[in-house]
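Peer 1: Mind looking at a prediction? Sequence and model below.
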Amino acid sequence: MNRLAFSLVLIGVLAFFSCQQKPPAPTPLIPVNLITVKSQPVLYYDKFPSTTQALSQVDIRPQVQGYITGIFFTEGTHVHKGQKLYEIDERLYKAAYDQAVANVKVAQGNMEQAKQDAGRYQYLNAHNAIAKQVLDHAVIALQNANNEVQAAQEAVKTAATNLTYSIITAPFDGTIGFSQVKLGNQVQGGSTILNTISTDDPMAVDFLINESQLSHYQDLERHRQNDLDSLFTIILPNHSIYPQPGKISVIDRAVDPQTGTIRIRLVFPNPKKDLRVGMSCVVRVHNQETTPQILIPGRAVVEQMGEYFVYLAKDTVLNNPADSSGKDPHLVAIQVKIMVGQTIGANILVHSGLHDGDKIIVDGVQAVHDGSPITTANRQGPAAPGRR
């Protein structure tokens with residue numbers, strides 16, 4: 001009987017304390033800042049890494065061998081077509097030329113003698129004063145003498161060409177680089193590289209685009225869209241904008257099947273020679289899209305495994321016994337996936353996933369997750385996304 005009474009008392013005590021426990025505290029509201037999404041005209045540039053190239057570039061090589069006896073330019077400067085650059089010791093080639101000229105004179109003398117002999121023998125043969133064989137030999141000797149003159153004249157041309165090759169000139173207007181040889185160095189015809197010269201005005205700029213963009217650039221090449229003075233510009237390595245606009249020169253013949261890209265070549269005037277071959281630049285292509293687009297602050301975007309999300313603020317109703325109406329409206333963070341585009345300063349374009357009028361979280365994103373209750377109390381309002 002005592003045991004039963006003790007059990008009843010214990011149960012009563014436990015029931016009393018269980019009734020005194022407080023209900024669990026409600027989930028705290030997370031303070032956030034919101035902005036309302038609104039489409040707007042956006043000015044921006046598509047940017048591509050690029051490299052400057054010469055429209056023409058050639059290694060200068062000698063055509064004859066010998067020792068360098070003269071260098072007639074300043075390295076790294078602009079030279080003109082036909083300007084004298086190098087001189088190879090010409091003495092051997094001058095002597096060979098003089099000898100070839102002398103050989104022509106000897107051959108011409110021999111031909112004149114053979115011509116006289118042939119004429120004399122033709123006269124004697126007409127009077128049956130010599131054997132026919134003697135005349136035949138004289139005619140053949142005249143033909144050989146004539147051929148020797150022609151051979152000697154061709155040798156003069158060869159010697160003159162070699163003599164000309166001892167003077168090396170610029171093949172076109174352009175900028176010349178560092179000399180690979182010095183005075184007194186021996187060079188071999190056709191193999192030794194003396195220098196490199198490249199055109200410098202205009203200058204080419206090459207960059208790669210995805211094959212999906214090819215039709216757009218073909219339209220630009222055919223001038224189907226409005227031509228803008230700033231359609232193609234470049235950012236130099238010092239982050240300044242090059243003052244001269246460019247235009248499409250060449251679209252490569254084929255898409256690279258490994259990367260799915262194709263090369264585009266622009267040309268830019270280069271009157272001050274500010275652009276040099278091999279510079280790393282950024283091509284800016286002025287976007288001509290006139291349709292209003294959605295631009296949001298980049299800090300509102302969350303990246304997860306290569307995908308991009310934002311949090312919408314949605315109205316919901318939560319049961320609250322303390323409320324006489326039985327219901328209390330709150331905002332809840334709802335995660336939605338978006339497709340992003342160009343980054344413009346601190347903002348980013350959104351191609352899909354958002355609509356005008358959506359309210360998105362821009363501050364406090366790190367503290368929320370899908371379904372978090374949120375509030376805009378005690379938060380300073382964010383600035384609207386800027387334009388650039």
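Peer 2: Sure, I can see it.

Peer 1: Tell me the helices and strands packed up against the lengthiest strand in the chain.
Peer 2: For the chain, the strand with the greatest residue count under DSSP state E is strand 327-344. Helices and strands touching strand 327-344, by 3 or more CB pairs under 8 Å, 6 or more residues apart in numbering; DSSP states H and E, are strand 307-319, strand 347-352, strand 373-375. (C-beta placed from N, C-alpha, C; glycine too.)

Peer 1: how about that strand: buried residues?
Peer 2: Within strand 327-344, the residues that qualify as buried by neighbour count (16 or more other CB atoms under 10 Å) are 330-335, 338, 340-342, 344.

Peer 1: same check, this time on stretch 146-157
Peer 2: For stretch 146-157, a neighbour-count test (16+ other CB under 10 Å) marks 146, 148-149, 152, 155-156 as buried.

Peer 1: Now that stretch - C-alpha only, PDB.
Peer 2: Included here for stretch 146-157 are C-alpha records, laid out as PDB according to Å, rounded to 0.1, in the frame of the first residue of the first chain:
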ATOM      1  CA  ASN A 146      77.200  33.700-129.400                       C
ATOM      2  CA  ASN A 147      76.200  31.200-126.700                       C
ATOM      3  CA  GLU A 148      79.300  32.100-124.700                       C
ATOM      4  CA  VAL A 149      78.300  35.800-124.800                       C
ATOM      5  CA  GLN A 150      74.900  35.000-123.500                       C
ATOM      6  CA  ALA A 151      76.300  32.800-120.800                       C
ATOM      7  CA  ALA A 152      78.700  35.500-119.800                       C
ATOM      8  CA  GLN A 153      75.900  38.000-119.700                       C
ATOM      9  CA  GLU A 154      73.900  35.800-117.400                       C
ATOM     10  CA  ALA A 155      76.900  35.400-115.100                       C
ATOM     11  CA  VAL A 156      77.000  39.200-114.900                       C
ATOM     12  CA  LYS A 157      73.400  39.200-113.700                       C
END
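
Peer 1: Filter the buried residues of stretch 146-157 down to the ones in helices?
Peer 2: Counting by DSSP state H, the part of the buried residues of stretch 146-157 found in helices is 146, 148-149, 152, 155-156.

Peer 1: out of those, which one sits closest to V104?
Peer 2: Proximity of those to V104 (CB to CB) peaks at A152, which lies at 4.2 Å.

Peer 1: for the stretch 51-200 of the chain, what spans make up the strands?
Peer 2: Using DSSP state E, counting those that start in this stretch, the strands assigned to the stretch 51-200 of the chain run over residues 57-60, 66-71, 78-79, 84-88, 167-169, 174-176, 186-187, 195-198.

Peer 1: pull the longest helix from this protein.
Peer 2: From DSSP H, the single longest helix across the chain is helix 91-126.

Peer 1: Give the buried residues for that one.
Peer 2: Within helix 91-126, judged by 16+ other CB under 10 Å, the buried ones are 93, 96-97, 100, 103-104, 107-108, 110-111, 114, 117-118, 121, 125.

Peer 1: how far off strand 66-71 does that helix point, in degrees?
Peer 2: Relative orientation of helix 91-126 and strand 66-71, computed by axes from the mean of the first three to the mean of the last three CA atoms, to 10 degrees: 120 degrees.

Peer 1: helices or strands next to helix 91-126 in the packing?
Peer 2: With contacts taken as 3+ CB pairs under 8 Å, 6+ apart, helix 91-126 sits against helix 132-165.

Peer 1: Would you convert the strands of the stretch 51-200 of the chain into CSV that also reports distance to Q244, mean neighbour count and mean pLDDT?
Peer 2: Written out in CSV, the entries for the strands of the stretch 51-200 of the chain read as follows (distance: least, CB to CB, whole Å; neighbours: other CB atoms under 10 Å; pLDDT from 0 to 100):
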stretch, distance to Q244, mean neighbour count, mean pLDDT
strand 57-60, 21, 16, 95
strand 66-71, 33, 17, 93
strand 78-79, 17, 18, 94
strand 84-88, 29, 20, 94
strand 167-169, 30, 18, 93
strand 174-176, 17, 22, 94
strand 186-187, 39, 16, 92
strand 195-198, 18, 21, 96
